[in-house]
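Asker: Here you go, sequence then predicted model.
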Amino acid sequence: MGEKRGGFVVLGASGFLGVHLVDVALERGQRVHAVARRGGAGGTAALWHPADLAAPGVLVALLDRLRPDAVVLAAAVSRVDVAERDPDAARRLNVDVPADLGHWAAGRAARALLVSTDQVFGAEPPPPGGFLEDTPVAPLSVYGHTKAEGEAAFLDAYPSGLVVRLPLLFGDSRGRGLGASDALLAAVARGERPFLFEDEWRTPLDARDGAELLVDLLETGARGVVHLPGPERLTRAEFAERLFQRPPWPFDRGPRAARGAQSRPRDTCLASSRAAALLARAPLALDVALRRASP
Ligand SMILES: NC(=O)c1ccc[n+]([C@@H]2O[C@H](COP(=O)([O-])OP(=O)(O)OC[C@H]3O[C@@H](n4cnc5c(N)ncnc54)[C@H](OP(=O)(O)O)[C@@H]3O)[C@@H](O)[C@H]2O)c1
């Protein structure tokens, strides 16, 4: 029997962000095709397609078969340390796969969105107010470099495509200790005492909220680069205070220099000149989202 065409493809559907994208698309009545190497045990109503997207030709063959109406690429080598250890693997997933998606989507009716990151910045300080969509990229890490190259390759091949840069994500990781809040909660639950920097600034966003806004942006038909900053600019230590709400704090704090961590991007705070005009609502207030993220 032939496979039904159309639907909404989430590439990287088992990831921290991907599970929320799957949920949001299902809630909006889409037939969702979920793609990752492993996954499908979550019991969602999505149709699972286990696939290694790093293997040449796999993505295009899958999309040719499914002929979806919409594709969100959230699969990535997303960890900075993993990308530093294996730059070739990072390049395959963060550059070659977006390029292939762009070539596939160009000239088709399907809409495609590449999820990107604030880590395309960091080598230069931000302009006042934060990095805007037209600020030239200046990554520090292999991860940031490959994501920036992936953006360019995707948009070169598919100029009507949409790239959305997300900031540090927090929120529900389904008990996996992923993301800015669950990683801290899990470390404290293990009896550790995390060290939080007082001189590293981010604009954190709730992953579920981000997934909703990403799907909203895809539905607008917008093209080019859009930033989706969280509602507040704050340090890692301030973020932890807002998560744990009141002393005694279960973490220590100090400058990055105390841990020899100065090579990390100091400030990747995003700002947007486009998101407010495209979206019907702003991201959730930080404390509202954090209350949802806390146990
Ligand atoms: N997390 C953040 O704070 C953050 C912030 C800004 C931007 N972003 C961006 O958001 C996107 C999602 O990030 P995330 O945190 O959700 O990442 P993640 O938790 O590491 O998830 C990555 C997803 O990609 C899949 N994947 C990895 N390699 C694959 C391969 N070779 N073939 C098929 N699937 C593969 C993974 O599943 P398998 O391993 O089972 O294949 C998983 O579903 C990325 O583009 C990232 O750059 C994340």
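Answerer: Everything's here; your move. Residues are numbered from 1 along each chain as shown.
Asker: chain center to stretch 202-212: distance?
Answerer: The chain centroid and the centroid of stretch 202-212 are separated by 8 Å, computed with Cα atoms, centre = their mean, to the nearest Å.
Asker: quick one, what contacts L166?
Answerer: 17, 115-118, 205, 210, 214, 228 (Cβ atoms under 8 Å, 6 or more residues apart in numbering). C-beta coordinates here come from the backbone N, C-alpha and C atoms, glycine included.
Asker: Restricted to helices, list these.
Answerer: Among the contacts of L166, the ones falling in helices (DSSP state H) are 210, 214.
Asker: Looking at the contacts of L166, point me to the pair that's furthest apart.
Answerer: Using Cβ to Cβ, those reach their maximum pairwise distance at D118 and L214, which is 14.6 Å.
Asker: Establish whether stretch 270-279 and the ligand are in contact.
Answerer: No: against the ligand, stretch 270-279 shows no contacts by Cβ under 6 Å from any ligand atom, the least distance being 9.6 Å.
Asker: quick one: average confidence on that stretch?
Answerer: Per-residue confidence for stretch 270-279 averages out to 98 on the pLDDT scale.
Asker: CA atoms only: put that stretch into CSV for me.
Answerer: The C-alpha trace of stretch 270-279 is given here as CSV (Å, rounded to 0.1, in the frame of the first residue of the first chain):
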residue,chain,number,x,y,z
LEU,A,270,19.8,37.8,21.0
ALA,A,271,17.4,40.7,20.1
SER,A,272,15.0,40.8,17.2
SER,A,273,13.8,43.4,14.8
ARG,A,274,11.4,40.9,13.2
ALA,A,275,9.8,38.5,15.7
ALA,A,276,7.3,40.9,17.2
ALA,A,277,5.9,41.9,13.9
LEU,A,278,5.6,38.3,12.7
LEU,A,279,4.2,36.7,15.9
